[in-house]
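Participant: sequence isn't available, so here's the structure alone:
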Ligand SMILES: [Zn+2]
């Protein structure tokens, strides 16, 4: 069985990414490894790119993941599994063209 890779696109700035985001990435990867073997986890944006004003991306508390390589009928289940595994301190949003995950506990 082929285990997915964790792929970081060129120009993605991981340097400011905070430790809680690696928990989310692990959970996202682990579900793919079980449910979609062979589908890589691709980070398309971290602390880079253009996001909303005051976005948590700019302070290393958000990542975007590729979704087009995940079968469309499985994307909602993937989102739900990440949200469940990460717990209420994280927001996991399935957007039209990517998955956005941010760490947003009360104190942020
Ligand atoms: Zn985002």
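Facilitator: Nice, thanks for sending it over. As the structure is a computational prediction, the values presented were derived from the model and not from experiment.
Participant: and for the residue in the chain positioned nearest to the ion, the neighbour number?
Facilitator: Closest approach between the chain and the ion, counting by Cβ to the ion: residue 100, at 3.5 Å. In this view, the C-beta of every residue, glycine as well, is placed from N, C-alpha and C. Using other Cβ atoms under 10 Å, residue 100 has 19 other residues around it.
Participant: that one and residue 34, how far apart?
Facilitator: Using Cβ to Cβ, to the nearest Å, one gets 22 Å for the distance from residue 100 to residue 34.
Participant: next one: residue 93
Facilitator: 22 Å.
Participant: list the helices and strands whichever strand or helix holds residue 27 packs on?
Facilitator: When elements are assigned from DSSP states H and E, residue 27 belongs to helix 19-35. Helices and strands touching helix 19-35, by 3 or more Cβ pairs under 8 Å, 6 or more residues apart in numbering; DSSP states H and E, are strand 41-45, strand 62-65, helix 75-86, strand 90-94, strand 99-103.
Participant: so who does the nearest residue to residue 5 once chain neighbours are set aside touch?
Facilitator: Take residue 5 and drop its neighbours on the chain: the residue closest to it by Cβ to Cβ, 6 or more residues apart in numbering is residue 40, 4.7 Å away. Shown in contact with residue 40 (Cβ atoms under 8 Å, 6 or more residues apart in numbering): 4, 5, 6, 7, 32, 69.
Participant: from residue 7, how far out is residue 40?
Facilitator: 5 Å.
Participant: and for residue 64?
Facilitator: 13 Å.
Participant: quick one: which of the two has more around it?
Facilitator: More crowded of residue 64 and residue 7, by other Cβ under 10 Å: residue 64, with 24 against 13.
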